[in-house]
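Student: What follows is a predicted protein model with its sequence.
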Amino acid sequence: MKLRSLKFKSVKSTNDIALMLIKKDNIKPSIILSERQTKGRGTMGKKWVSQKGNLFLSIFFDMSEKKIDFNKFAILNAYLLKNILAKKFSKKIKIKWPNDLLFKKKKICGILQETIINAEKKFLIVGIGINTNLDPKNSSFPSTSLKHITNKNVDNKKLFIMIKKNYEKLLFKAHQNSFSELKKFTQTI
């Protein structure tokens, strides 16, 4: 399944853009990228510190016809992102269930899943924030960045393309594969 790419300089939240598009019946499966978020959100109403230079994106799609439910997608999202980052940056990246990726107990990525029903269809929005080049200061948890791990600048465009391609494969497979088959796929990226 191809994802339409929508790119912005600055938004309140990429998940908010996805919600707005779905409410306006602009429902083609999409990936939304922004250089900056002014009100990035995390789980349980927490703020996601969104400094320009890091990667902020949301993916949304109709999950009405998928074999997989919301909770199983949470598992698949974590595995998919962990394995993309582990392959490219460090095998030491770990999942802190259900929605964070850590490196040496410091947060490197947060995942926020939300659902919305529009026109009797259920949509899943997967918000992803990755500390690629900057270590945000946050009083509620220690964080780090991929740049800090590798001592190299991270090309956000290349990482965005990797994430997009792997999500397109996952969503294509989600039509006909079981959860265990999809889990295996996300673990072998």
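Tutor: Nice, thanks for sending it over.

Student: Residue ranges in the chain under the pLDDT threshold?
Tutor: 44-45, 139 (pLDDT under 70).

Student: can you pull out the strands in it?
Tutor: Assigned by DSSP state E, the chain shows strands spanning 4-11, 30-37, 55-62, 93-96, 100-103, 106-118, 121-130.

Student: and the first one, what other elements does it pack with?
Tutor: For strand 4-11, the helices and strands in contact under the criterion 3 or more C-beta pairs under 8 Å, 6 or more residues apart in numbering; DSSP states H and E are helix 14-23, strand 30-37. Backbone N, C-alpha and C define where each C-beta goes, glycine included.

Student: returning to that earlier point: make JSON lines from the strands of the chain and add mean neighbour count and distance to residue 17 to it.
Tutor: Listed next are the strands of the chain as JSON lines, based on neighbours: other C-beta atoms under 10 Å; distance: least, C-beta to C-beta, whole Å:
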{"stretch": "strand 4-11", "mean neighbour count": "14", "distance to residue 17": "5"}
{"stretch": "strand 30-37", "mean neighbour count": "21", "distance to residue 17": "5"}
{"stretch": "strand 55-62", "mean neighbour count": "24", "distance to residue 17": "7"}
{"stretch": "strand 93-96", "mean neighbour count": "17", "distance to residue 17": "26"}
{"stretch": "strand 100-103", "mean neighbour count": "20", "distance to residue 17": "22"}
{"stretch": "strand 106-118", "mean neighbour count": "19", "distance to residue 17": "12"}
{"stretch": "strand 121-130", "mean neighbour count": "23", "distance to residue 17": "10"}
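
Student: Turn the helices and strands packed on strand 4-11 into a markdown table, including distance to residue 122.
Tutor: Output for the helices and strands packed on strand 4-11, formatted as a markdown table (distance: least, C-beta to C-beta, whole Å):
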| stretch | distance to residue 122 |
| --- | --- |
| helix 14-23 | 10 |
| strand 30-37 | 16 |
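
Student: re earlier: wait, which of the strands of the chain is closest to residue 165?
Tutor: strand 30-37 (10.4 Å; C-beta to C-beta).
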